[in-house]
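1. Generate a structure from the sequence data that follows.
(2 chains)
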There are 2 protein chains.
Amino acid sequence: MYKVKVYVTLRESVLDPQGVAVKDALHTMDYAEVADVRIGKYLELQLEDVANVDERVKEMCEKLLANTVIEDYRFDVEEVVPS
Amino acid sequence: MYKVKVYVTLRESVLDPQGVAVKDALHTMDYAEVADVRIGKYLELQLEDVANVDERVKEMCEKLLANTVIEDYRFDVEEVVPS
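-> Numbers count the residues shown, from 1 in each chain, chains lettered A, B, ... in the order given. Got it, this is the predicted structure:
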């Protein structure tokens, strides 16, 4: 069994209107120290045992979990030993 | 300057329809090994220097970044030394 953490973020070159909106809201709430906010997706996947898990997770990201035109992704794979 | 990474996830007890939809899509794409998918938010904040940064980030999460009725949050604070 594997636990996979996937982080999908907008590319630096892509404007993040949602991030701008959150930054403005935080400023309104007197958190003036906030200089920038970027918002992305965080996914936790549980996978049954499978060969070449890294390759398959990369495929899942490329095909479905991330829009690689405007998003970057990275992931961590952790083997879960049944207790 | 601080770089803060915030992870907002649905509580275990809360149904994640979006996660179920992604899991079903991955199964359709022959990734049968996917047992579960949970989808959350990943935020990257850049903060100017401020006292009690952890306390203030906690407040930001409680007040705006997470809906604490149905979501959990955790964050990592990293001091960024100007190069």
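2. right, is the longest strand along chain A up against chain B?
-> Counting residues, the longest strand found in chain A (DSSP state E) is strand A:34-47. Yes: counting by Cβ under 8 Å from any Cβ of the partner chain, chain B is contacted by strand A:34-47 at A:34-47. Backbone N, C-alpha and C define where each C-beta goes, glycine included.
3. pretty sure A:Ala32 is in a strand, no?
-> No: A:Ala32 is assigned coil when assessed by DSSP: H, G, I helix; E, B strand; the rest coil, not a strand.
4. Count the neighbours of the closest residue to it other than its chain neighbours for me.
-> Nearest non-adjacent residue to A:Ala32, counting by Cβ to Cβ, 6 or more residues apart in numbering or on different chains: B:Glu48, 7.9 Å away. Neighbours of B:Glu48 under the rule other Cβ atoms under 10 Å in any protein chain shown: 11.
5. Stretch A:60-72: which residues count as buried?
-> Within stretch A:60-72, the residues scored as buried using 16 or more other Cβ atoms under 10 Å in any protein chain shown are A:Met60, A:Cys61, A:Leu65, A:Ala66, A:Glu71.
6. how about a markdown table for these, with pLDDT added?
-> Below are the buried residues of stretch A:60-72 laid out as a markdown table (pLDDT from 0 to 100):
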| residue | pLDDT |
| --- | --- |
| A:Met60 | 98 |
| A:Cys61 | 98 |
| A:Leu65 | 97 |
| A:Ala66 | 97 |
| A:Glu71 | 97 |
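7. Adding secondary structure and distance to chain B, write the residues you listed out as a markdown table.
-> Converted to a markdown table, these look like this (DSSP: H, G, I helix; E, B strand; the rest coil; distance: Cβ to the nearest Cβ, whole Å):
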| residue | secondary structure | distance to chain B |
| --- | --- | --- |
| A:Met60 | helix | 6 |
| A:Cys61 | helix | 11 |
| A:Leu65 | helix | 7 |
| A:Ala66 | coil | 12 |
| A:Glu71 | strand | 11 |
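8. Which neighbouring elements make contact with the longest helix anywhere in chain A?
-> If you go by DSSP state H, chain A has its longest helix at helix A:17-28. When contacts are defined as 3 or more Cβ pairs under 8 Å, 6 or more residues apart in numbering or on different chains; DSSP states H and E, helix A:17-28 packs onto strand A:34-47.
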